[in-house]
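Enquirer: Okay, predicted coordinates and the sequence, questions at the end:
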Amino acid sequence: MSEQPQFTVKIDQNKFLPEDGREVHAIVSVEATAAEGAAAGAVAAVPSSTRASEVIIIDTSGSMSYPDTKLRAAVAAAKVAIDTLRDGVEFAVISGSNTAEMVFPARPGLVAASPQSREQAKIALNKLKASGGTAIGSWLRLADELFGQDQGGLRHAILLTDGKNQHETAEELDAVLFRCDGRFVCDCRGVGTDWEVAELRKIASALLGSVDIVADPAGLEADFRAMTEAAMGKSVADVALRVWTPQTASLRFVKQVLPSVEDLTGKRVEAGPQAGDYPLGAWGAESRDYHVCVEVPPGDVGKELRAAWVKLVVPGAPGEEAQVLASGNVLAQWTDDEARSTRINARVAHYTGQAELAAAIQEGLQARKDGDLDTATARLGRAVVLANEAGNDEITSMLRRVVDVVDLESGTVRLKRNVDKAHEMELDTRSSKTVRTRKDETVTTRRGEG
């Protein structure tokens, strides 16, 4: 029985282009199902040969002592995460202030999870005190060193902070993110409301992780448990989407569009003639969707072209080629049939709208912060329309906490005068989370309609 999930790739698109058409859009749906013979709904079984490691980074700057429940809640959450680790997973805990220090083990390194090592880590966590500033880059640098030079295996980190990165420059943080790129996945959490959403989003995006707010420290334990369970459910590391295009074509972009919007275009690593790899991180039993856009030269009516060849790959053993897990084709065919060429694939349209939704929310909230109330009203009004069209009920509910909806269809809204900062930050952090179409089937709409 295979221990590795079974991967499939499905392409959704309208391949037909008008005679002068150049742009080809497709949604690439990747699904990993439980290993053959595993029970339905079971998490992926991690092969015994797969090394897994976890680093927990806890902010211990001075602000974590106000209120004092914050640090206590963070310590309790870290203990829950440690208890959630599988036996044998190598782990460490870092204390972060204006420097990074080891909490457990005492010296830099990773220790295999066992009843004894878990208890030792918890004892060490009990000694944490809050003092100093915030230099997140130094925390990530130490985590990178702990993961070591070995690029193999499943490498995951949790980073918790309650404040802004005030004790190092943006350039210093960027340099660390560049160094850590592709080394490990990092989920970022902000506790309270005194941290910067854009700052944590940048870190999470660079390290292929998630970002979220835990406004009430009491929610940290459940959140840490969920993050660690998700990490423990991964079984395939360093998956990449390899996209080949013809010599005459150019790849416009590759974006993750489910479960969240992430632009992967700038993460391309060349993978041979006319091909590039886009990192997707580690996988368990799950599904994700990607939006691929290719520009091709116009062709004669009736001509069909493979605009892109998409493969899901993982690194091979040293000296070996990458292993192909699944593949699919993105096609283009030119037609003089206007009915065919003017249809937009429903899933392409849906995810294009949700990418616009994320941008509208983030731009609207920033405009509100900057005092540009006209722009804030217009962008958040547009977000209301897009969230309603997408059936994104969670985002619609969050939007209603920051605006009064006068007319849902037109997106006419009024900014609320008094908005809970936690509600505003929650909307910002979750703006890029997406949902599938109401009906997961291919229907079409004409350009310019709706």
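Expert: Noted; the coordinates are in hand.
Enquirer: Which strand residues bridge V28?
Expert: V28 has these beta-bridge partners by DSSP bridges: I11, Y290.
Enquirer: need the contact list for it.
Expert: V9, K10, I11, L241, D289, Y290, H291, V292, V310, G328, V330 (C-beta atoms under 8 Å, 6 or more residues apart in numbering). Heads up, the C-betas are built off the backbone N, CA and C, glycines and all.
Enquirer: and if you look at H350?
Expert: The contact partners of H350, by C-beta under 8 Å, 6+ apart, come to A390, R436, T437.
Enquirer: PyMOL command to pick out the buried ones of those?
Expert: Restricted to buried positions by 16 or more other C-beta atoms under 10 Å, the PyMOL selection for these reads:
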select buried, resi 390+436+437
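Enquirer: What does the nearest residue to V296 once chain neighbours are set aside show for phi and psi?
Expert: Leaving out its chain neighbours, the residue that sits closest to V296 by C-beta to C-beta, 6 or more residues apart in numbering is A249, at 4.6 Å. Note on A249: backbone dihedrals following degrees, to the nearest 10 are phi -100, psi 160.
Enquirer: now do the one 3 residues further on
Expert: With angles defined as degrees, to the nearest 10, R252 shows backbone torsions of phi -70, psi -50.
Enquirer: is it true that it touches A307?
Expert: No - in this structure R252 lies outside contact range of A307 using C-beta atoms under 8 Å: 10.9 Å.
Enquirer: quick one, which of the two is more surrounded?
Expert: Set side by side, R252 and A307 show more neighbours around A307, with 26 against 14, by other C-beta atoms under 10 Å.
Enquirer: contacting residues for the more buried one?
Expert: Contact analysis of A307 by C-beta under 8 Å, 6+ apart lists V24, T245, P246, A249, V294, V296, V330, L331, A332.
Enquirer: Give me the subset of those residues that lies in strands.
Expert: Mapping the contacts of A307 onto strands (DSSP state E) picks out V24, V294, V330, L331, A332.
Enquirer: What is the burial count for the third one?
Expert: Residues within reach of V330, counting by other C-beta under 10 Å, total 25.
Enquirer: Please apply the same query to the second one.
Expert: As a burial measure, the neighbour count of V294 was computed by other C-beta under 10 Å and equals 24.
Enquirer: Could you measure from Y278 over to G284?
Expert: According to C-beta to C-beta, to the nearest Å, Y278 and G284 sit 19 Å apart.
Enquirer: CSV please, covering the ones in strands among the contacts of A307 and showing pLDDT and distance to L85.
Expert: Formatted as CSV, the ones in strands among the contacts of A307 follow (pLDDT from 0 to 100; distance: C-beta to C-beta, whole Å):
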residue, pLDDT, distance to L85
V24, 98, 44
V294, 98, 42
V330, 98, 40
L331, 98, 45
A332, 97, 48
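Enquirer: Tell me the one among these nearest to L386.
Expert: Nearest to L386, judged by C-beta to C-beta, of those is V24 at 23.7 Å.
Enquirer: The closest one pairs with what?
Expert: Counting by DSSP bridges, V24 forms beta bridges with V294.
Enquirer: Contacts only, for it.
Expert: By C-beta under 8 Å, 6+ apart, the contact set of V24 is Q13, K15, L17, C293, V294, E295, V296, A307, A308, V330, L331, A332.
Enquirer: related to what we said a few turns ago, identify the contacts common to R252 and A307.
Expert: Shared contacts of R252 and A307 (C-beta under 8 Å, 6+ apart): V294.
Enquirer: which of Y278 and G284 has more neighbours?
Expert: Shown here are Y278 and G284; by other C-beta under 10 Å, Y278 has more neighbours (23 against 19).
Enquirer: which ones are touching S114?
Expert: Taking C-beta under 8 Å, 6+ apart as the test, what S114 contacts is D87, G88.
Enquirer: what residues are up against V93?
Expert: Per C-beta under 8 Å, 6+ apart, neighbours of V93: V55, I56, I57, I58, A78, I82, M102, V103, F104, A121, A124, L125.
Enquirer: Now it: closest residue in space that isn't a chain neighbour?
Expert: V103 (4.1 Å).
Enquirer: can you count the residues close to that neighbour?
Expert: With neighbours defined by other C-beta under 10 Å, the count for V103 comes to 21.
Enquirer: likewise the one 4 residues further on?
Expert: R107: 5 surrounding residues under other C-beta under 10 Å.
Enquirer: related to what we said a few turns ago, out of the ones in strands among the contacts of A307, which is nearest to A170?
Expert: For the ones in strands among the contacts of A307, the nearest to A170 is V294 (33.8 Å; C-beta to C-beta).
Enquirer: sorry, back to before: just the pLDDT at the residue nearest to V296, thanks.
Expert: Per-residue pLDDT puts A249 at 97.
Enquirer: can you check D277 too?
Expert: Listed pLDDT for D277 reads 98.
Enquirer: next one: T442
Expert: Here the pLDDT value assigned to T442 is 39.
Enquirer: With the one 3 residues further on instead?
Expert: In this model, T445 is scored at 36, pLDDT.
Enquirer: quick one: low-confidence parts of the stretch 101-250 of the chain?
Expert: Residue ranges of the stretch 101-250 of the chain with pLDDT under 70: 149-151.
Enquirer: now do 90
Expert: Residues of the stretch 101-250 of the chain meeting the criterion pLDDT under 90: 148-152.
Enquirer: Tell me which stretches of it form helices.
Expert: For the stretch 101-250 of the chain, the helices defined by DSSP state H, counting those that start in this stretch cover 115-125, 136-147, 170-180, 197-206, 220-232.
Enquirer: E389 contacts G353, correct?
Expert: Yes - taking C-beta under 8 Å as the contact criterion, E389 and G353 are neighbours in contact, 6.1 Å apart.
Enquirer: Just want the angle from the longest helix along the chain to helix 197-206.
Expert: If you go by DSSP state H, the chain has its longest helix at helix 346-370. Using axes from the mean of the first three to the mean of the last three C-alpha atoms, to 10 degrees, the inter-axis angle of helix 346-370 relative to helix 197-206 is 150 degrees.
Enquirer: Tell me what V254 is bridged to.
Expert: V292.
Enquirer: What count of nearby residues applies to it?
Expert: As a burial measure, V254 scores 24 neighbours (other C-beta under 10 Å).
Enquirer: Same question for L146.
Expert: 21.
Enquirer: What separation do you get for it and T342?
Expert: Distance of L146 to T342, computed by C-beta to C-beta: 54 Å.
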